[in-house]
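Participant: sequence and predicted structure below; questions after.
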Amino acid sequence: MKRRILTQIVLLLLVVTMCVLSSCNVEQFRGETGATGEKGDTGATGNGIANITTEKVDGGTKVIIQYTDPTMPNVEFFIPDGEKGEQGEQGLQGEQGEQGIPGEAGEKGDKGDKGDKGDKGDKGDQGEAGRGILKTEIIDGCLWITFSDDPENPINVGRVLPEETTTPEEEPDDDEPIDMGGYVYKAYVRDFAGTDPSAHEAQVANGNNDYRCIDFWVSEQDSESDAISYAVYSRNQKIQEDYNCKIKQISSYGSQIDHLLDCFANGDGYDLTIITARPAAQAATYGLLQNLKGSTYLDLSNPSFDQNSVKELSVANKLYFLSGDMNISTMDVLPLTVVNMEFYNDIADVVVEEFGYDTSFQNIYNVVQRGKWTMENMMQIAELANVDIDVSDGALSAVNGDTVGYYQYLNSSIWYYYGSGGRITQKDASDLPTFVVQSWKNEDIYYSLFDRFNRNYGGYWVPQGGTAAINQNFLTGEVLFTDMSLFNIRTEIYPNSQFEYGILPLPVLEEGMDYQSVVYFNNWAHLWAIPVLTNNNEYAHRMMEIMATYSSQSGSTMEAYYDRTIYLQAANNNGSRQVMDTIKNSMVYDIALLYPEWGNIETKLIQISNVKYPEYATILDSLSYAEEIMQYTIEMLYYADGWYE
């Protein structure tokens, strides 16, 4: 402490002294070079600093400044210890920065080459008085110096004593639970329509009826059914106790947009809607949802919110929906490859031989970890496993007794497109989506997929089907590889498999590429949003963050889903668990997948494996019109913000 204080005082005084000496030196050099006339009268003697000493005393440090002029009294001042001393130290440092500019004059004062001797001139004028220090004093904690050439205008060279400050009042802790006085937090949530024919029909028309929100509210009666249900029930109980509120779910069947419009027209408010992703995108353009950016009560940098969703789902700095630890559905829709581990181990020696005795292929997880899990290698391994026992039908089908190396999910071409780094749109610096599907990279990915998987070309032998066919064939134990979502694994494969299976990322286009998994919304992923009409807007925003934060705590929703359900059940071996971490950390969002009207490019990517000819040229031709539609959507999203306030 003492050393820092002394150092700063010395630096301040040195800066002042440099200014004085540099100006004096310049005048001396000019006098010496200017003429050889009679020497001018000697200027007034300046006064300098002879010595600075410090002495440690109780409560601080005493500083003594001694001058070269013996008639000048010593200057003493006291610098106390403690926090105030630290504050003064910082103030001194700021003043030092301002004084740095005059320091350049010292460099200019270097003596130049001596000029030629001139003719003897007239007697020189009396030299200017040297600039000395007449007086130093401390006023209000600042050091003031009075110079001999301007005794009427002392200069403040910086603070040496701390300012007197008052301790600010402590602001309330935002993380401290507030008493909501029994407030009923009401959410409109997509649920299972059941068996009612009309409700089921409406639900199927607006999404996948088999997928319902299971992570917002669970009754006490159902809380013991599985790890996720127990975690959701326990989380809600804790929030209700901590904030003195009541969490209530209003189930949604059929079209959520129609219901939100009716509620708005009737003045019925909801504090939250958990809505299927594409209807959420439509609701935002209709002005039915609030912009979450700029909210006083939402910290969107909270790691409990999926930061990729915050970044990628906003448009022109307007964010109407997001995901996070409170919403397991965006992980549930992640696509991946499933491998029959027993099947692979049976043919591992043949695979190693096929790849030039590369022993990394002895274990499929080594293939993944070494960056060799490519589409080409997967297809090469799959062809080794194919055995068409029933040749009468001309197709491979495990249900019919064949052994199948790869059974393709009907829509997986678009999964592979994103898995290899492809995109339809990319955000620019202004937070606006721009089309990039036309880039050379994305064109290469498109044609590579067409060559490998199109049923009229390289993928002529590959059987494919929807979710039901995938489940039925893979569970026979006679399919080596297939594609499916994480939801399908945890709800169908894990409960029904009679053999060991493993989870792999989607294969990539080239060795060494990063593995990626697209959040493919289709018709069943959910997003969280706040309607424009709420019952209490402050509580609506607060509770969205509270739900996210509590969902990320130990023993809560995300841990129950990821650690207890995925880790311990669906991905039930060490290799699968490592892969799951890779998949979880490589989630990709593309807002174009929420707006299929932007050229319907998504459909053309889905159809890569089934069209007769490549449609990439058609995609390029559609971009001009797609750009117009996208710009119209951007304008609607921009002006939807705040219209109801």
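Facilitator: Everything's here; your move. This structure is a prediction, so every number in the text was calculated from the model and none was measured.

Participant: all strands for the stretch 501-645 of the chain, in order.
Facilitator: For the stretch 501-645 of the chain, applying DSSP state E, counting those that start in this stretch gives strands covering 501-504, 517-518, 526-529, 587-588.

Participant: buried deepest among the ones you listed, which one?
Facilitator: Looking across these with neighbours counted as mean count of other C-beta atoms under 10 Å, the highest average goes to strand 526-529: a mean of 27. Placement of C-beta: from N, CA and C, glycine included.

Participant: separation between residue 484 and residue 470?
Facilitator: 6 Å (C-beta to C-beta, to the nearest Å).

Participant: what touches both of those two?
Facilitator: In terms of C-beta atoms under 8 Å, 6 or more residues apart in numbering, residue 484 and residue 470 are both contacted by the residues residue 409.

Participant: who's more crowded, those two?
Facilitator: residue 470 (25 against 22; other C-beta atoms under 10 Å).

Participant: how near is residue 585 to residue 324?
Facilitator: According to C-beta to C-beta, residue 585 stands 15 Å off from residue 324.

Participant: so for the two, which sits in the more crowded spot?
Facilitator: Just comparing residue 585 and residue 324: by other C-beta under 10 Å the higher neighbour count belongs to residue 324, 25 against 11.

Participant: quick check on that one: phi, psi?
Facilitator: In this entry, residue 324 is assigned phi and psi values of phi 170, psi -160 (degrees, to the nearest 10).

Participant: for the closest residue to it other than its chain neighbours, what are its contacts?
Facilitator: Across the structure, with C-beta to C-beta, 6 or more residues apart in numbering as the measure, the residue nearest residue 324 apart from its sequence neighbours is residue 305 (4.0 Å). Residue 305 is in contact with 322, 323, 324, 325, 548, counting by C-beta under 8 Å, 6+ apart.

Participant: hmm, the fourth one is touching residue 558, no?
Facilitator: Yes. With contacts defined as C-beta atoms under 8 Å, residue 325 counts as touching residue 558 at a distance of 4.0 Å.

Participant: looking at the two, which is more packed in?
Facilitator: It is residue 325, of residue 325 and residue 558, that has more neighbours when counted by other C-beta under 10 Å, with 25 against 22.

Participant: check contacts around that one.
Facilitator: Contact criterion C-beta under 8 Å, 6+ apart gives 304, 305, 306, 548, 551, 552, 556, 557, 558 as the residues in contact with residue 325.

Participant: same thing with residue 299?
Facilitator: Counted by C-beta under 8 Å, 6+ apart, residue 299 has contacts residue 545.

Participant: neighbours of residue 642, just the number please.
Facilitator: Under the neighbour criterion other C-beta under 10 Å, residue 642 is assigned a count of 12.

Participant: same deal with residue 568?
Facilitator: Each residue near residue 568 was counted by other C-beta under 10 Å, and the total is 12.

Participant: ok, it - contacts?
Facilitator: Listed by C-beta under 8 Å, 6+ apart, residue 568 has no contact partners.

Participant: cool, and residue 280?
Facilitator: For residue 280, the set of contacting residues under the criterion of C-beta under 8 Å, 6+ apart consists of 273, 289, 320, 321, 527, 529, 594.

Participant: reformat those as CSV; add pLDDT and distance to residue 236.
Facilitator: Formatted as CSV, the entries for those read as follows, by pLDDT from 0 to 100; distance: C-beta to C-beta, whole Å:
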residue, pLDDT, distance to residue 236
273, 94, 17
289, 95, 23
320, 97, 25
321, 97, 21
527, 95, 20
529, 97, 19
594, 95, 29
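
Participant: please check these and keep the buried ones.
Facilitator: When burial is judged by neighbour count using 16 or more other C-beta atoms under 10 Å, the buried members of these are 273, 289, 320, 321, 527, 529, 594.

Participant: for the closest residue to the third one other than its chain neighbours, give its distance to residue 306.
Facilitator: Closest residue in space to residue 320, ignoring its immediate chain neighbours: residue 284 at 3.9 Å, by C-beta to C-beta, 6+ apart. According to C-beta to C-beta, residue 284 and residue 306 sit 18 Å apart.

Participant: neighbour count winner among the two?
Facilitator: Here residue 284 and residue 306 are compared on neighbour count by other C-beta under 10 Å; more neighbours surround residue 284, at 27 against 22.

Participant: filter the buried ones among the contacts of residue 280 down to just the ones in helices.
Facilitator: Of the positions in these, not one sits in helices, assigned by DSSP state H.

Participant: tell me the one of these nearest residue 223?
Facilitator: residue 273 (23.6 Å; C-beta to C-beta).

Participant: what about the nearest residue to the closest one once chain neighbours are set aside, how many residues nearby?
Facilitator: In space, not counting the residues next to it along the chain, residue 273 is nearest to residue 188; the distance is 4.5 Å by C-beta to C-beta, 6+ apart. Residue 188 is flanked by 23 other residues according to other C-beta under 10 Å.

Participant: over to residue 430?
Facilitator: The number of residues packed near residue 430 is 8, by other C-beta under 10 Å.

Participant: give me every residue that touches it.
Facilitator: Going by C-beta under 8 Å, 6+ apart, the list of residues near residue 430 reads residue 316.

Participant: pLDDT score for it?
Facilitator: In this prediction, residue 430 carries a pLDDT score of 94.

Participant: that one: what secondary structure?
Facilitator: For residue 430, the secondary-structure state derived from DSSP: H, G, I helix; E, B strand; the rest coil is coil.

Participant: next, it: phi, psi?
Facilitator: Residue 430 adopts backbone torsions of phi -90, psi 10, taken as degrees, to the nearest 10.

Participant: for residue 315, see how far away it is.
Facilitator: Here residue 430 is placed at a distance of 10 Å from residue 315 (C-beta to C-beta).

Participant: what's the model's confidence in stretch 398-413, averaged?
Facilitator: For stretch 398-413, the per-residue pLDDT averages 91.

Participant: picking that back up, these two touch, right, the residue nearest to residue 320 and residue 321?
Facilitator: Yes. Contact criterion C-beta under 8 Å: residue 284 and residue 321 qualify, at 6.9 Å.

Participant: mutual contacts of the two, please.
Facilitator: Going by C-beta under 8 Å, 6+ apart, residues that sit against residue 284 and also against residue 321 are residue 529.

Participant: what residue ranges in the stretch 401-550 of the chain are flagged as low confidence?
Facilitator: When residues are selected by pLDDT under 70, those of the stretch 401-550 of the chain lie in 523.

Participant: fine by me, thanks again.
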